[in-house]
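**Student:** Got a sequence here, can you model it:
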Amino acid sequence: MTMFRLLLWWNLKVLSLSLLLKATVSLNPDDPNVCSHWESYAVTVQESYAHPFDQIYYTRCTDILNWFKCTRHRISYKTAYRRGLRTMYRRRSQCCPGYYESGDFCIPLCTEECVHGRCVSPDTCHCEPGWGGPDCSS
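**Tutor:** Residues are numbered from 1 along each chain as shown. Okay, here's the model as predicted:
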């Protein structure tokens, strides 16, 4: 393997690992601002099944023309494999309505900017001393 290919392979491994780690970072399910729901997803699986086939066998009989040997048929089954889809379920966490995701946290969203205060819950500002009003501008 050339040095260029080795570096390219290594960079792809590091990139895929970092994306995997980013995907595993999740919201704290104990946070009261985190809501969750069940989500379904499909997984391809290898499954076995009984595949029927026509099995030919011979028995002794009174057929002189075939040297007392008669052909018989029976349906037999053998194990075969196929790809199938299986539905799996997982719990998915997301910020509750009125909150947005920032890193690992759900931050309250105020439609009006809290001018002299901070947003403490959806559309609710906590004003600095001496300020008031819905957006702390009075």
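**Student:** Can you list the residue ranges for helices in this structure?
**Tutor:** Assigned helices in the chain, in chain order: 3-24 (criterion: DSSP state H).
**Student:** shaky segments in it?
**Tutor:** Scanning the chain with the threshold set as pLDDT under 70 gives 1-25.
**Student:** how does it look with 80?
**Tutor:** Filtered on pLDDT under 80, the chain yields the residue ranges 1-26, 29.
**Student:** Bridge partners for Glu47, pull those for me.
**Tutor:** Counting by DSSP bridges, Glu47 forms beta bridges with Arg82.
**Student:** In this structure it contacts Ala80, no?
**Tutor:** No - contact criterion Cβ atoms under 8 Å: Glu47 and Ala80 do not qualify, at 9.8 Å. Using the backbone N, CA and C atoms, a C-beta is placed for each residue, glycine as well.
**Student:** Which residue comes closest to Asp123 once chain neighbours are left out?
**Tutor:** Using Cβ to Cβ, 6 or more residues apart in numbering and skipping residues adjacent in sequence, the residue nearest Asp123 is Cys110, 5.4 Å away.
**Student:** Ser26 now?
**Tutor:** Nearest non-adjacent residue to Ser26 (Cβ to Cβ, 6+ apart): Ser93, at 5.8 Å.
**Student:** which strand residues sit across from the one you found in the sheet?
**Tutor:** Ser36.
**Student:** What of Cys70?
**Tutor:** Thr59.
**Student:** how far away is it from Arg60?
**Tutor:** Between Cys70 and Arg60 the distance is 8 Å, computed by Cβ to Cβ, to the nearest Å.
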